[in-house]
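Colleague: using only what follows, build the 3D model:
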Amino acid sequence: MSLATATNHLYTPTFLLLCSSYAFFGGSFNMIIPELPAYLSSLGGSELKGLIIALFTLTAGLSRPFSGKLADIVGRKPIIIFGTIVCIICSLLYPILSSVGGFLALRLIHGFSTGFSPTAITAYVADIVPVHRRGEAMGIIGVSINFGSSLSPPLGGYLANHYSLSAMFVASAALALISLSLLIRLHETIPVTSRFKARHLKLTKTEIINRRSVLPALVCGLSYLGYGAILTVTPDQCEFLGMSNKGLFFTTFTLCTVLSRLVAGTVSDRYGRLPVMRFAVVLLALAYVLFGQADSPNLLLMGSGFVGFSIGIVIPAVFAWTTDRSDDNNRGKSFATLFIGLEFAIGSGAILGATLYHNEPSQFKFTFLVMGLIAFVALFFIREDSFSSIWKKRFHSLVRS
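Modeller: A predicted model of the protein is given here:
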């Protein structure tokens, strides 16, 4: 029997401890993001800004099938701890490997931290929460990482501007270390685990993608493509509009995401995943378009809040939808597939955004118009039937006719 069916309580000490750890983890790797484009430019890699997020999400996405499989075999806790340790090490190495090549290599390695920890954390949450409160739980765990993400960028900007980038990177490592210390108290949730063996890293075709999670992954990915563009383009957009502390933008974005997540998951539990997702995707598409129209710092902050609020409605419903469609034994793989879609979208959005923007402020509007149109396409994937089953039905109807 799943642990989720054993209790009706959501806010248990274990759940709250996991949320706290996730907040510090999110704060760690988000703290440095607003300062990285300028840092890369100072190293002589201004034309490679799109790779800052793309490389990070590349290894995050590639590691998902492994982290999902290992979370189901070795256990949730070891995978969470491994990802957090990688985050600590990478943060400390940024000031040391101060060349374009070293920086880009670190972005690749750093991506492993988000390829492992969030996959196992999400599966852990699905293991311990009541079935009828899954949407609410996914919203709250999302609030946790958003909370850490919203507070850390201004702190990172302050440390970089008033002390040094090295101080910012050390602070990033410290937050990840706090996250790790909180994880030690967690107990494993899967009843039978195996010791890690090298053969566990061998993947079969069926272990790479969970077919039941493909539709949620598509919806999540198309929704998040614009976020990849925001991570790459908006630091320049902030400077162009005269916003000196770029962390304020990300704080506004994540705080508004938190506000919507607090209620969005509960709404999807009550009214259903699909109606909530359809409404939110349309809202998000409009938000991206309006975001690109910002011509002042205040309007940019308002636009960031609108986008964040919309994403905060979409994502808890998508994660709960993924849980609904998965079974207990393959939950790690289910969320790995979902995160593959998310990471691929953020990386692709970063590259596409940088390409459309092309270091020309006049292209801000067009860049986010494209992102809005892409988000709208997600509307057509919010359905219970897969494309294969739809085409099978059409084929059989044609044969019968």
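Colleague: helix, strand or coil: sort out the closest residue in space to K246 that isn't next to it in sequence for me.
Modeller: Setting aside the residues directly before and after it, K246 is nearest to P34 in space (Cβ to Cβ, 6 or more residues apart in numbering), at 4.0 Å. All C-beta atoms are positioned from the backbone trio N, CA, C, and that covers glycine. When classified by DSSP: H, G, I helix; E, B strand; the rest coil, P34 comes out as helix.
Colleague: P34: neighbouring residues, count only.
Modeller: When neighbours are defined as other Cβ atoms under 10 Å, P34 has 25 of them.
Colleague: now I209: phi and psi?
Modeller: I209 has phi and psi values of phi -130, psi 130 when expressed as degrees, to the nearest 10.
Colleague: nearest spatial neighbour of it, chain-adjacent residues omitted?
Modeller: T337 is the one closest to I209 (Cβ to Cβ, 6+ apart), at 5.2 Å.
Colleague: just the pLDDT for that neighbour.
Modeller: pLDDT recorded at T337 is 88.
Colleague: verify the stated contact: it with N210.
Modeller: Yes - the pair T337 / N210 is scored as a contact, 4.4 Å apart, by Cβ atoms under 8 Å.
Colleague: what do these two both touch?
Modeller: G68 (Cβ atoms under 8 Å, 6 or more residues apart in numbering).
Colleague: spell out the residue ranges of the strands in the stretch 301-401 of the chain.
Modeller: Shown for the stretch 301-401 of the chain, no strands are assigned by DSSP state E, counting those that start in this stretch.
Colleague: from R261, how far off is the residue nearest to I209?
Modeller: 22 Å (Cβ to Cβ, to the nearest Å).
Colleague: now swap in G148 and tell me
Modeller: From G148 to R261 the distance is 13 Å (Cβ to Cβ).
Colleague: the two - which one has more neighbours?
Modeller: Taking neighbours as other Cβ under 10 Å, G148 and R261 compare with R261 leading, 29 against 25.
Colleague: ok, then the element right after the helix or strand hosting that one?
Modeller: If you go by DSSP states H and E, R261 is part of helix 247-271. Going down the chain from helix 247-271, the next helix or strand is helix 273-291, by DSSP H and E.
Colleague: show me what contacts the residue nearest to F364 when sequence neighbours are not counted?
Modeller: Once flanking residues are discounted, F364 sits nearest to G292: 5.4 Å by Cβ to Cβ, 6+ apart. Listed by Cβ under 8 Å, 6+ apart, the contact set of G292 reads 303, 364-369, 371-372.
Colleague: any idea of the pLDDT on G292?
Modeller: In this prediction, G292 has a pLDDT value of 90.
Colleague: relative to Y224, how far out is it?
Modeller: Counting by Cβ to Cβ - G292 and Y224 are separated by 17 Å.
Colleague: what about L225, distance to L48?
Modeller: 20 Å.
Colleague: please read the previous query as pertaining to I382.
Modeller: From I382 to L48 the distance is 35 Å (Cβ to Cβ).
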